[in-house]
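Novice: Model the structure of this input:
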Amino acid sequence: MTKLRYTYDEKLLSWEEQNDGEADVEFWLRLSVPDANVEKGVKAVRDYFDHNDVLTDVLFYAHHNAVYQWIVRRDFYEAFVIRAFEHKLLTSLAWE
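Specialist: This next block holds a predicted model:
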């Protein structure tokens with residue numbers, strides 16, 4: 001798996017990647033302050049993966065207090081991170 005390096009607006013949100021070497025990678029996004037643009041980006045990423053032909057590529061969960069969780073199948077890691085960048089959840093993206 002290619003490792004991507006990315007950054008995000010730490011004043012606006014926290015973004016955590018949990019990779020335990022298993023088949024999936026978990027991402028957690030927590031908003032520090034309410035932001036309509038981030039919430040719009042979250043919905044756009046969710047909608048993209050909900051409407052493709054693969055049912056198990058990315059699983060999405062919305063939790064209380066503006067906390068979002070994605071469980072991403074390893075072979076969709078790059079596509080997910082790129083889509084998060086495209087919808088401005090991430091501010092920079094580079095291949096390591």
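Novice: only C-alpha atoms for contact and neighbour calcs from this point on.
Specialist: Noted.
Novice: what's in contact with stretch 34-41?
Specialist: Outside stretch 34-41, the residues that touch it by Cα atoms under 8 Å, 6 or more residues apart in numbering are Leu12, Ala66, Ala84, His87, Lys88, Leu89.
Novice: Just the closest of the residues you listed to Ala44, please.
Specialist: Nearest to Ala44 among those is His87, at 7.1 Å by Cα to Cα.
Novice: pLDDT value on the closest one, please?
Specialist: Predicted confidence (pLDDT) for His87: 97.
Novice: what number of residues lie near it?
Specialist: A total of 18 residues lie near His87 under the criterion other Cα atoms under 10 Å.
Novice: Same question for Asp35.
Specialist: 12.
Novice: Let me see the confidence value for it.
Specialist: 95.
Novice: ok so, going back, can you put the contacts of stretch 34-41 in a markdown table and add secondary structure and distance to Lys3?
Specialist: Listed next are these as a markdown table, based on DSSP: H, G, I helix; E, B strand; the rest coil; distance: Cα to Cα, whole Å:
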| residue | secondary structure | distance to Lys3 |
| --- | --- | --- |
| Leu12 | coil | 24 |
| Ala66 | coil | 27 |
| Ala84 | helix | 15 |
| His87 | coil | 20 |
| Lys88 | coil | 19 |
| Leu89 | coil | 18 |
